[in-house]
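> below are the sequence and a predicted model; questions follow.
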Amino acid sequence: MGVKRVRRVGTTGALVAATLGASIVLTPSSASASGTWHCHGTQVKRCTMIWWDADADTFRARAKITDADGGGNYGVKVNNVRLQRYTSSTGWVTVRQADDNDGWHAISDLAGTSTIDPCAGPPNSFRAVAAFYWRGAGSGSETWHPNSATSRDC
């Protein structure tokens, strides 16, 4: 069995990353499942992550939206969570999707896709994309992903 490592693609560096506009950073994990939330927004926090389950050696996309303390008291929901794979021949392609139409929530909503074996197929990178919605004093929506991706050495 070969050594497998998780890499997070960030904002500077390497040749592969130049195609993605990002760099590769090794992400060690001592837990059986890990991931880092990438978020933006002030009154309504919108976040995505690639969740890696080391025991099963799988990835999934997760997304959450939260009405921040001291904000405008928004109702929130997240749906259409997608795990996308990047290859040089196809660009970004959705490989897992979760619609998660469980409605509006007073404080936060969390959704995630089913898992995928990141080592099944050619070397590639993965990112999480989701649709976020909020309503209250003002309403809004956006489909968002951070400028980062995660890949595996298989």
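The structure has been received and is ready for your questions. Numbers count the residues shown, from 1 in each chain.
> tell me what the lengthiest strand in the chain is packed against?
Using DSSP state E, we find that the single longest strand of the chain is strand 75-87. Here strand 75-87 is seen to pack against strand 44-53, strand 58-67, strand 91-98, strand 108-112, strand 125-135 when contacts are counted using 3 or more C-beta pairs under 8 Å, 6 or more residues apart in numbering; DSSP states H and E. Glycine gets a C-beta too; all of them are placed from N, C-alpha and C.
> let's have the ones you listed in TSV, adding mean neighbour count.
TSV is the format used below for the helices and strands packed on strand 75-87 (neighbours: other C-beta atoms under 10 Å):
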stretch	mean neighbour count
strand 44-53	22
strand 58-67	24
strand 91-98	16
strand 108-112	19
strand 125-135	23
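> please produce a markdown table containing the ones you listed, extended by distance to Arg85 and mean pLDDT.
Putting the helices and strands packed on strand 75-87 into a markdown table (distance: least, C-beta to C-beta, whole Å; pLDDT from 0 to 100) gives the following:
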| stretch | distance to Arg85 | mean pLDDT |
| --- | --- | --- |
| strand 44-53 | 11 | 95 |
| strand 58-67 | 9 | 96 |
| strand 91-98 | 5 | 95 |
| strand 108-112 | 16 | 97 |
| strand 125-135 | 6 | 97 |
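> can you list these in TSV and add distance to Cys154?
Formatted as TSV, these follow (distance: least, C-beta to C-beta, whole Å):
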stretch	distance to Cys154
strand 44-53	13
strand 58-67	12
strand 91-98	16
strand 108-112	22
strand 125-135	13
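> which among those strands is found nearest to His38?
Minimum separation from His38 across the helices and strands packed on strand 75-87 (C-beta to C-beta) falls at strand 44-53, 5.9 Å.
> and the closest one with strand 125-135, angle?
150 degrees (axes from the mean of the first three to the mean of the last three C-alpha atoms, to 10 degrees).
> what lines up beside strand 44-53 in the sheet?
Strands that pair with strand 44-53, judged by DSSP bridges, come out as strand 33-34 (antiparallel), strand 38-40 (antiparallel), strand 58-67 (antiparallel).
> tabulate those strands (TSV), appending distance to Ala120.
Shown next, in TSV, are these (distance: least, C-beta to C-beta, whole Å):
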stretch	distance to Ala120
strand 33-34	19
strand 38-40	25
strand 58-67	10
